[in-house]
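Asker: sharing a model that was predicted from the sequence below.
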Amino acid sequence: MGTASSAENWMQVRPEGLYCAPADIYIDPHQPVERAAITHGHADHARPGHKSVFATPETLAIMKTRYPDDAPSMKHLLNYGEKTDLAGDVRLWLAPAGHILGSAQVVIEHANQRIVVSGDYKRHSDPTCTPFEVVKTDVFVTEATFALPVFSHPPLGHEIDKLVRSMSLFPDRAHLVGVYSLGKCQRVMLALRQAGYSHPFYLHSALIRLTELYEAHGFDFGEWKPVSDYKGREKEIMRGRIVLAPPSALADRWSRTLPDMLPAMASGWMQIRARARQRRAEMALIISDHADWQDLLQTVDDTGAKDVWITHGRVEALEHALTQKGIRAKALALVGREEDAD
Ligand SMILES: [Zn+2]
């Protein structure tokens with residue numbers, strides 16, 4: 001197989017995003033383009049306004065839910081492993097990324113070379129999506145959200161146990177868990193069910209649409225109720241129970257109507273104490289949808305890539321560590337990638 005310098009001839013960084021020139025297609029562009037392949041439904045990867053979109057059926061469904069007025073003229077639904085031939089002798093297919101429902105790595109083959117664009121990914125267990133699949137490649141394009149040696153994410157069950165223990169220690173307190181609406185919310189609910197939690201969940205209205213979308217894809221969260229169904233004293237029913245809300249709700253007026261509210265936050269960033277304080281979280285649940293330091297290094301190893309391009313996050317640390325291992329690593333200066341919310 002070829003070398004990176006030749007891969008750079010056909011995969012370029014443009015202001016709109018990562019661009020495969022022979023097929024005239026962008027991967028996760030942050031501005032509207034003619035043709036886009038989308039790794040997953042999070043807003044910093046899936047933007048509205050593209051004419052033609054290649055993505056998994058689940059990602060397209062998520063985009064439809066988030067951008068009901070957006071109507072790409074062409075939707076190319078690709079199941080994992082299903083190959084499609086594009087212009088310029090380019091073959092494209094998607095492999096599971098283990099990040100959220102429908103999340104994919106974009107695999108692009110051209111001129112006897114393969115480039116895998118991972119999007120966001122993780123290796124830890126997640127009952128809401130297909131596990132990450134290793135694809136051998138020449139060039140691996142990776143995220144670096146948690147690319148510092150200090151980041152080591154505990155097993156999901158470990159963090160869920162903390163929450164379960166707290167409910168028996170503080171049966172009078174409503175346990176409010178801050179979660180992002182796409183992925184984290186549903187992962188926490190399923191993990192709690194697997195841990196034996198059998199009471200209804202109480203959901204902030206901002207979490208409902210995407211939870212229903214997961215249900216439409218066959219996921220069973222058991223009984224849940226909108227918090228807004230309960231007025232005043234009726235909220236007493238939430239003592240010792242799980243209430244889920246977006247992180248911003250932890251510190252706002254809304255949360256103060258819950259009985260003896262105990263604020264918890266589920267995020268990979270909860271490993272950093274200052275972040276937990278910032279969120280006003282009394283309980284920090286380290287639940288991440290990204291690879292931690294060891295998993296980033298392990299994944300690069302697994303793919304066999306001799307060249308690694310780093311898109312966003314703690315770029316320098318990963319670049320340095322990979323270079324030490326004899327891998328050609330470089331940061332891509334992509335516009336418009338915010339630090340991932342996780
Ligand atoms: Zn993401």
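Answerer: Yes, it's here.

Asker: quick one, what contacts the nearest residue to Glu223 once chain neighbours are set aside?
Answerer: Spatial nearest neighbour of Glu223, excluding adjacent residues (CB to CB, 6 or more residues apart in numbering): Pro200 at 4.2 Å. Every residue, glycine included, has its C-beta placed from N, CA and C. Residues counted as contacts of Pro200 (CB atoms under 8 Å, 6 or more residues apart in numbering) are Gly222, Glu223, Trp224, Lys225, Arg241.

Asker: what ranges does the stretch 51-200 of the chain have for its strands?
Answerer: Taking DSSP state E, counting those that start in this stretch as the test, the strands found in the stretch 51-200 of the chain are 52-55, 74-77, 84-86, 90-96, 104-110, 113-117, 139-144, 175-178.

Asker: right, so of those, which gets closest to Leu322?
Answerer: Leu322 sits nearest to strand 139-144 of all the strands of the stretch 51-200 of the chain, at 9.3 Å, using CB to CB.

Asker: what does the closest one rub up against?
Answerer: Against strand 139-144 from outside (CB under 8 Å, 6+ apart): 4, 7, 11, 18, 113-121, 290-291, 296, 299-300, 303, 305, 307-315, 317-318, 332, 340.

Asker: do stretch 95-104 as well
Answerer: Taking CB under 8 Å, 6+ apart as the rule, stretch 95-104 contacts 39-42, 55-59, 61-62, 78, 80-81, 94, 105, 107, 116, 118-124, 126, 128-133, 135, 182-183, 186, 214, 217, 289-290.

Asker: outline the domain layout of this protein.
Answerer: Listed by automatic domain parsing, the domain ranges of the chain are 4-150+290-331, 156-285.

Asker: show me which of the contacts of stretch 95-104 neighbour the ion.
Answerer: When contact is defined as CB under 5 Å from the ion, these meet the ion at His42, Asp120.

Asker: thinking Gly49 is in contact with Asp70, fair?
Answerer: Yes: contact status for Gly49 versus Asp70: in contact at 6.5 Å, counting by CB atoms under 8 Å.

Asker: Lys225 belongs to a strand?
Answerer: Yes: applying DSSP: H, G, I helix; E, B strand; the rest coil, one finds Lys225 inside a strand.

Asker: what separation is there between it and the ion?
Answerer: 28 Å (CB to the ion, to the nearest Å).

Asker: ranges for the strands of the stretch 201-342 of the chain?
Answerer: Under DSSP E, counting those that start in this stretch, the stretch 201-342 of the chain gives strands at 201-203, 224-226, 242-245, 262-266, 283-285, 307-313, 328-331.

Asker: helices or strands next to the longest one in the packing?
Answerer: For strand 307-313, the packing partners by 3 or more CB pairs under 8 Å, 6 or more residues apart in numbering; DSSP states H and E come out as strand 139-144, helix 315-324, strand 328-331.

Asker: what's the angle between it and strand 113-117?
Answerer: Between the axes of strand 307-313 and strand 113-117, defined by axes from the mean of the first three to the mean of the last three CA atoms, to 10 degrees, the angle is 20 degrees.

Asker: burial measure for Lys225, as a count.
Answerer: Neighbour count for Lys225, taken as other CB atoms under 10 Å: 14.

Asker: do Ile25 as well
Answerer: Neighbourhood size, Ile25 [other CB under 10 Å]: 24.

Asker: pretty sure it sits against Leu86.
Answerer: Yes: here Ile25 reaches Leu86: they are 6.4 Å apart, a contact under CB under 8 Å.

Asker: quick one, helices of this protein?
Answerer: Along the chain, the segments classed as helices by DSSP state H run 4-10, 57-66, 156-169, 184-194, 208-216, 273-278, 293-303, 315-324.

Asker: include mean neighbour count and mean pLDDT when you put those into a markdown table, please.
Answerer: Below are the helices of the chain laid out as a markdown table (neighbours: other CB atoms under 10 Å; pLDDT from 0 to 100):
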| stretch | mean neighbour count | mean pLDDT |
| --- | --- | --- |
| helix 4-10 | 16 | 81 |
| helix 57-66 | 20 | 96 |
| helix 156-169 | 16 | 96 |
| helix 184-194 | 23 | 98 |
| helix 208-216 | 17 | 98 |
| helix 273-278 | 13 | 85 |
| helix 293-303 | 19 | 97 |
| helix 315-324 | 17 | 94 |
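
Asker: how close does the residue of the chain positioned farthest from its centre get to the ion?
Answerer: Residue farthest from the centre of the chain, counting by CA atoms, centre = their mean, is Arg233 at 36.7 Å. In this view, Arg233 and the ion are 39 Å apart by CB to the ion.

Asker: just the pLDDT for that residue.
Answerer: Model confidence at Arg233, given as pLDDT, is 95.

Asker: state the distance from it to Thr257.
Answerer: For Arg233, the distance to Thr257 equals 11 Å [CB to CB, to the nearest Å].

Asker: with Ala71 instead?
Answerer: The gap separating Ala71 from Thr257 is 39 Å, by CB to CB.

Asker: what is the burial count for the residue in the stretch 51-200 of the chain that the ion sits nearest to?
Answerer: Per CB to the ion, Asp120 is where the stretch 51-200 of the chain lies closest to the ion, at 3.6 Å. Per other CB under 10 Å, the neighbour tally for Asp120 reads 28.

Asker: quick one: contacts for it?
Answerer: Per CB under 8 Å, 6+ apart, neighbours of Asp120: Thr39, His40, His42, His45, Ala97, His99, Ser103, Glu143, Thr145, Asp289, His290, Asp340.

Asker: that's all I had, so thanks and see you.
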